[in-house]
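>>> sequence and computational prediction follow.
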Amino acid sequence: MLTAGSGTGSGDAAARGAIRRNNVSVVLRHLRRGARSRTEISRDLGLPNSTVSKLVGELVELGLVTDDERRRAGGIGRPHQAVALRTGARCGLGVEISVNYIRVIALDLPGDVVLDDRAPVEQDRRDHHATLDLAADLVAAALTALRATGTAVTGVTVATPGHVDRDTGVVRLATNLGWSGVPVAAELADRLGPDAPPVRVDNDARLGTVAEHRVAHVPSLLYLTGEVGVAGGIVVDDTLVLGAAHAAGELGHMPLDPRGAACPCGQRGCFETMVGLGTFLSYAADATDPLRDQHRDLEERLALGTARAAAGDARTIRAIDRIAADLGLGLGLLVNVLDPAVVVLGGYFSHLGEALLSRVRAEVTGRVLAPHAGGCDVRLSRLGFTAAARGAAETVLDDVFTDPASFAVPIP
């Protein structure tokens, strides 16, 4: 929100300084939508051209924006040079610790991926010390590579499954990792040393929701991601729903079948026991099949599965249909309760493609009371398994967009 004020005296001077910092932040956040000319910024934000020019000038001096050499044409008259977020100047680092892999992604201010690295978790994942050693090695290598290019790293956010205390950086309980009470932020920061940027921790599905909302451009969204576990997030009026205990989004633990399979959480018939990755793989292939070889890259295995379905393999098609039917059951309940504009299917669901999507859409339409599912658009994620790490990096960059003056970048 833009603010304005007037007056004299030291108190008024401080207030004017705060107003100016806020307005600089508003302009920077506006550019997150894409390059704009000064005239367009003035029109969009309702500010005089002279004020916008001064605010943009401050952001240029901070090294956060630059005049875009591509030059955007104005609606009428001569072209207007556009102002754009400066590429490669400052980035956020997102780290996802999953059951099967650790992924590190760096995003710069315009949201472009400037680094993407991944390593399989081959040791016992319950040994959090070994897992955090591997994560620290990946982060340290990323920091070295980014600094070598002159990119400033604002911070590191780690995405993990389970219940996370964001204030303390402790993973309270992550059943699929076998972790309880693990101080991830403190242990990773200790491994990285005193020169490392700040480290925070948050829930992976929640961070994936942040990333998906950023690219979906809708005010309300339900995100469901599938891997070993199933979880998600809810956005209402462009606001992520956290819940009273900041534990919202454990969608995988809706008990849908009281006589169903046992879940690591202690319940039976949880949603994730019906549609989790392990369930799909067991439906689609025998234990000795390459599709279930955990030493092979997961995305390669999923590509093998979708190729089989495309070739008409009956078992794979039945497996996808069964997962789609159970996804439709859970999503039908959620859409009836939440009424989102969009449902995004991420994780392994997104890799099963149209073979899954068409069936899920039909199931949801048949289960939602509102005609045509209330207009809810069920779609596949474009981010796939990168969503959690991308969302983690996005939350780091939020600090820059909130307080640009604290994150100046030297201009070469």
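That came in fine, so what should we check first?
>>> per-residue pLDDT, G332?
At G332 the predicted local confidence, pLDDT, stands at 95.
>>> for it, which residues are in contact?
Contacts for G332 (CB atoms under 8 Å, 6 or more residues apart in numbering) come out as E363, V364, G366, R367, V368. (C-beta placed from N, C-alpha, C; glycine too.)
>>> so can I have JSON lines of those showing neighbour count and secondary structure?
Supplementary listing: these in JSON lines, determined by neighbours: other CB atoms under 10 Å; DSSP: H, G, I helix; E, B strand; the rest coil:
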{"residue": "E363", "neighbour count": "21", "secondary structure": "helix"}
{"residue": "V364", "neighbour count": "24", "secondary structure": "helix"}
{"residue": "G366", "neighbour count": "10", "secondary structure": "helix"}
{"residue": "R367", "neighbour count": "16", "secondary structure": "helix"}
{"residue": "V368", "neighbour count": "20", "secondary structure": "coil"}
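>>> which among these gets closest to A310?
Closest approach between these and A310, by CB to CB: E363, at 21.2 Å.
>>> that closest one against D321, yeah?
No - no contact is recorded between E363 and D321 when judged using CB atoms under 8 Å, the distance being 10.0 Å.
>>> if we can go back for a sec, kindly indicate which of the contacts of G332 lies nearest N336.
Using CB to CB, the contacts of G332 come closest to N336 at V368, 5.7 Å.
>>> for the closest one, give me phi and psi.
For V368, the backbone dihedrals are phi -90, psi 130 (criterion: degrees, to the nearest 10).
>>> and it, how close does it get to V337?
Remark: distance between V368 and V337 (CB to CB, to the nearest Å) = 10 Å.
>>> quick one on the thing from earlier: tabulate the contacts of G332 (JSON lines), appending pLDDT.
Listed next are those as JSON lines, based on pLDDT from 0 to 100:
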{"residue": "E363", "pLDDT": "94"}
{"residue": "V364", "pLDDT": "95"}
{"residue": "G366", "pLDDT": "93"}
{"residue": "R367", "pLDDT": "94"}
{"residue": "V368", "pLDDT": "93"}
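>>> which one of the residues you listed is nearest D108?
With CB to CB as the yardstick, the closest approach to D108 among those comes from V364, at 36.6 Å.
>>> give me the distance between the nearest residue to D237 once chain neighbours are set aside and G278.
For D237, ignoring the flanking residues on the chain, the nearest one in space by CB to CB, 6 or more residues apart in numbering is P219 at 5.5 Å. As defined by CB to CB, P219 lies at a distance of 34 Å from G278.
>>> quick one, helices of the chain?
9-30, 38-45, 49-61, 128-148, 184-192, 204-216, 271-275, 277-284, 298-310, 314-338, 348-351, 353-367, 387-402 (DSSP state H).
>>> show me the strands in the stretch 51-200 of the chain, by range?
Under the criterion DSSP state E, counting those that start in this stretch, strands of the stretch 51-200 of the chain are mapped to 65-72, 80-85, 90-97, 101-108, 113-120, 152-160, 163-165, 170-174, 179-182, 199-203.
>>> mind checking which of these is nearest S50?
Taking the strands of the stretch 51-200 of the chain one by one with CB to CB, strand 80-85 is closest: 15.1 Å.
>>> what packs against that closest one?
With contacts defined as 3 or more CB pairs under 8 Å, 6 or more residues apart in numbering; DSSP states H and E, the packing partners of strand 80-85 are strand 36-37, helix 38-45, strand 65-72.
>>> now do the same end-to-end measure for stretch 370-384.
End-to-end span of stretch 370-384 (CA to CA, to the nearest Å): 29 Å.
>>> could you list the low-confidence segments of the stretch 251-400 of the chain?
With pLDDT under 70 as the threshold, the stretch 251-400 of the chain has no low-confidence stretch at all.
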